[in-house]
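1. Could you look at this predicted model? Sequence included:
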There are 2 protein chains.
Amino acid sequence: MMANGIEKEAAFQRLTPQSARYLVESVDAFLFDCDGVIWKGDKIIEGVPEALQFLRSMGKKLVFVTNNSTKSRKKYAKKFSMLGLEVREEEIFCSSFAAAMFLKLNNFPREKKVYVIGEEGIMEELTLAGFECLGGPEDGKKNILLKSDFHFYHDKSVGAVIVGLDQYINYYKIQYATLCIRENPGCLFIATNRDAVGHLTDLQEWPGAGCMVAAVCGSTQREPIVVGKPSTFMMDFLLQRFQVDTSRMCMVGDRLDTDILFGQNSGCKTLLVLSGVTNLSVLQDPSNNIHPDFYADNLYDAVDLLRR
Amino acid sequence: MMANGIEKEAAFQRLTPQSARYLVESVDAFLFDCDGVIWKGDKIIEGVPEALQFLRSMGKKLVFVTNNSTKSRKKYAKKFSMLGLEVREEEIFCSSFAAAMFLKLNNFPREKKVYVIGEEGIMEELTLAGFECLGGPEDGKKNILLKSDFHFYHDKSVGAVIVGLDQYINYYKIQYATLCIRENPGCLFIATNRDAVGHLTDLQEWPGAGCMVAAVCGSTQREPIVVGKPSTFMMDFLLQRFQVDTSRMCMVGDRLDTDILFGQNSGCKTLLVLSGVTNLSVLQDPSNNIHPDFYADNLYDAVDLLRR
């Protein structure tokens, strides 16, 4: 955030052939958000394969950092492949993986269980990391009949609740998570992320994890630990794997409050693309205090400038 | 809120025979919250019929003010009757009714529709007030299959979204409400209330409207107009019907952040009963800044003091 209007004006600029060359020369690794940058829903954004190929041919490391927790790393690798992109599992950092790694790095006791509001991705990553989890898709069809003398039981050995994007959110899951957080001593409340909406399909935005997380905040009156963007947890973890200084990284994303803030919080350079949820008027609105170093219409245009 | 610790200490006291007499003499109307004061779920709280009967016999006006929007006034009158209490519809102010009255008093255009996240109570009150509504229980069983080329349509003539307690909350409803609020110009976002939890059954607390409202705040990043407690809208409306000055009213409730705050915001005297969600340690916790004038274990005990 800048101190005055003049600095604000200077704080971000449309990428030019000159600044694109500067950017690519000063950066060794590009971190990409996926929804709104690489794809929208299940449709790849035009020109992305060429752009990624070009950056790889220049010897740049590519990393994919997504807040979408509905898939595991493994499933994301498959999705990339289906869309004709060669991306290895190790290059993918999704918030489902981040949630599992958070528990692992914090020595979450193996005898404790994890309750999940979210989809397959979180369950798969937790299982892979050796944690016992319950909830998730299985509880999506459960109903409650509120009546006298009915007691809703929850597992007292749940030591963490993870909340992510969940298309099958219901009252059962919310009550289960609420009871664990309110009644199990020391129970952690972890959010994969707090995105308000996301391009879950190519045509529209849909309520994001921020909606499910808010629901649980609403009933528990507690605030979660966030492991996805803009929290730097994912970056700290990523830095252990990639030997690149953050000042030699560039975060490319379509969201100001997650991607660009994440990049800035971590000390990366930042490039906003307008192919997702943010348009130029939102970026330039005086009420917006999050300013990327550069912006471009989309990834192809950004990379294409290097060829001029 | 008090300025220092000493005033805090003095700000509330356990009701005594003396203060009970003072209270009853200085008050012409008693306003009662229902859940946690009159009943828990479908079970009446012991001694309530006697207590209400005694206050009526002293010529006091009784009014029932509940944030629970799942029923209409008519259905609440039936519930009172089933529990052996004679209460007229006109004595009941529930947040479902308040939401409909808010639209009416603000001249909500008759050609516009209302989308509802909530249960029968809101639908019934809206219909009674002459508004066309959609959503509610009917949308509780609708699912979405997120896939390419799928477009979720919403009615562009929806001019208000009302969110209340909804046991059948789902992703369909959240997306519908979100699209109306984000895309229909001038669309109102109205919350019946923001209670975190409530005694929907006798044995347990359950996530309240605050949970559904937070979910929609999370996806829309907008804040709602609240018509239930602690907002004074209900009181302003109530005052038009009852010719009693608020200083001659006493609000009796089990929640600090809704009932007691509502009473204080409106200039009423306030009595907290410990038969619902608030216990003595919460009341006396230094972090609590909401202090009723008096507190008692329950309504029967409070009224019983008058007989000593």
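-> Right, received. Where do you want to start?
2. how about A:Y300, phi and psi?
-> The phi/psi pair for A:Y300 (degrees, to the nearest 10) reads phi -60, psi -50.
3. so how far is B:G140 from it?
-> Distance, A:Y300 to B:G140, by C-beta to C-beta, to the nearest Å: 43 Å. Any C-beta I mention is one placed from the backbone N, CA and C, and that applies to glycine too.
4. same check, this time on A:D297
-> 41 Å.
5. ditto for A:V163
-> Separation of A:V163 from B:G140 (C-beta to C-beta) stands at 22 Å.
6. Settle it for me: which of the two has more neighbours?
-> A:V163 (33 against 19; other C-beta atoms under 10 Å in any protein chain shown).
7. Relative to A:C211, how far out is that one?
-> 10 Å.
8. Are there residues contacting both of the two? Which ones?
-> With contacts taken as C-beta atoms under 8 Å, 6 or more residues apart in numbering or on different chains, not a single residue reaches both A:V163 and A:C211.
9. Backbone dihedrals for the closest residue to A:S81 other than its chain neighbours, both of them.
-> Of all residues not flanking A:S81 in the chain, A:V87 sits nearest, at 7.6 Å (C-beta to C-beta, 6 or more residues apart in numbering or on different chains). Per-residue torsions, A:V87: phi -130, psi 130 (degrees, to the nearest 10).
10. same thing with A:L261?
-> phi -60, psi -40.
11. which residues touch it?
-> A:K229, A:P230, A:I290.
12. returning to that earlier point: can you count the residues close to the residue nearest to A:S81?
-> 20.
13. Settle this for me: it is touching A:A77, isn't it.
-> Yes: at 6.2 Å, A:V87 and A:A77 qualify as touching, with contact defined as C-beta atoms under 8 Å.
14. Any idea how far apart the tips of stretch A:12-27 sit?
-> 18 Å (C-alpha to C-alpha, to the nearest Å).
15. Equivalent analysis for stretch A:67-81, please.
-> Taking C-alpha to C-alpha, stretch A:67-81 runs 19 Å from one end to the other.
16. do the same with stretch A:115-122
-> The first-to-last residue distance of stretch A:115-122 comes to 10 Å (C-alpha to C-alpha).
17. go on, stretch A:239-253?
-> 19 Å.
18. What mean pLDDT does it get?
-> Mean per-residue pLDDT for stretch A:239-253: 91.
19. hmm, who's touching it?
-> So stretch A:239-253 is contacted by A:23, A:26-33, A:36-37, A:61, A:63, A:65, A:90, A:229, A:235, A:259-260, A:262-263, A:266-273, A:276, A:299, A:302 (C-beta under 8 Å, 6+ apart).
20. What's the PyMOL line that selects buried ones from those residues?
-> Only the buried members of these enter the following PyMOL selection, criterion being 16 or more other C-beta atoms under 10 Å in any protein chain shown:
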select buried, chain A and resi 23+27+28+29+30+31+32+33+36+37+61+63+65+229+235+259+260+262+263+266+268+269+270+271+272+273+276+299+302
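21. So which residue is dead centre in chain A?
-> Geometric centre of chain A, nearest residue: A:N67, 1.3 Å, by C-alpha atoms, centre = their mean.
22. Excluding sequence neighbours, find me the nearest residue to it.
-> A:N193 (3.7 Å).
23. wait, doesn't A:I44 sit right on A:D35?
-> No: the criterion here is C-beta under 8 Å, and A:I44 misses it with A:D35 at 11.7 Å.
24. and the stretch 201-308 of chain A, which residues reach chain B?
-> Contacts of the stretch 201-308 of chain A with chain B, taken as C-beta under 8 Å from any C-beta of the partner chain, map to A:201-204, A:206-208, A:210-221.
25. Give me the buried entries from those.
-> A:201-202, A:204, A:206-208, A:210-220.
26. Out of the residues you listed, which sit inside helices?
-> Counting by DSSP state H, those place A:G210, A:C211, A:M212, A:V213, A:A214, A:A215, A:V216, A:C217, A:G218, A:S219, A:T220 in helices.
27. tell me the pLDDT at the fourth one?
-> For A:V213, the pLDDT comes out at 98.
28. For the closest residue to it other than its chain neighbours, give me the backbone phi and psi.
-> Nearest residue to A:V213 in three dimensions, chain neighbours excluded: A:A191, at 4.4 Å (C-beta to C-beta, 6+ apart). Backbone dihedrals for A:A191, given as degrees, to the nearest 10, come out at phi -110, psi 130.
29. Just confirm A:A191 contacts A:V226, I think it does.
-> Yes: A:A191 is within contact range of A:V226, at 4.8 Å (criterion: C-beta under 8 Å).
30. Can you pick out the residue with more neighbours from the two?
-> Neighbour tally, A:A191 and A:V226, criterion other C-beta under 10 Å: the higher count belongs to A:A191, 29 against 24.
31. ok, the more buried one - contacts?
-> Applying C-beta under 8 Å, 6+ apart, the residues contacting A:A191 are A:I162, A:V163, A:G164, A:A209, A:V213, A:P224, A:I225, A:V226, A:V227, A:G228.
32. so the fifth one makes contact with B:A215?
-> To tie it back to what came earlier, the one meant is A:V213. No: between A:V213 and B:A215 there is no contact under C-beta under 8 Å: 9.1 Å.
33. Secondary structure element for A:N265, which one?
-> Counting by DSSP states H and E, the element that carries A:N265 is helix A:261-266.
34. Correction: the previous question concerned A:V161.
-> strand A:158-163.
35. how big is the angle separating that strand from helix A:209-220?
-> 130 degrees (axes from the mean of the first three to the mean of the last three C-alpha atoms, to 10 degrees).
36. Next secondary structure element downstream of strand A:158-163?
-> helix A:171-183.
37. Alpha carbons only: can I get that next one in CSV?
-> What follows is helix A:171-183 as a C-alpha-only set of coordinates in CSV (Å, rounded to 0.1, in the frame of the first residue of the first chain):
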residue,chain,number,x,y,z
TYR,A,171,-26.7,-27.8,7.7
TYR,A,172,-25.4,-31.2,8.9
LYS,A,173,-21.8,-30.4,8.0
ILE,A,174,-22.1,-26.9,9.5
GLN,A,175,-23.4,-28.2,12.8
TYR,A,176,-20.8,-31.0,12.9
ALA,A,177,-17.9,-28.5,12.3
THR,A,178,-19.4,-26.1,14.8
LEU,A,179,-19.7,-28.7,17.6
CYS,A,180,-16.1,-29.8,17.0
ILE,A,181,-14.7,-26.3,17.1
ARG,A,182,-16.9,-25.2,20.1
GLU,A,183,-16.7,-28.3,22.2
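38. which residues in chain A form helices?
-> A:5-11, A:17-25, A:48-57, A:73-82, A:95-105, A:120-128, A:171-183, A:209-220, A:233-241, A:261-266, A:280-284, A:299-304.
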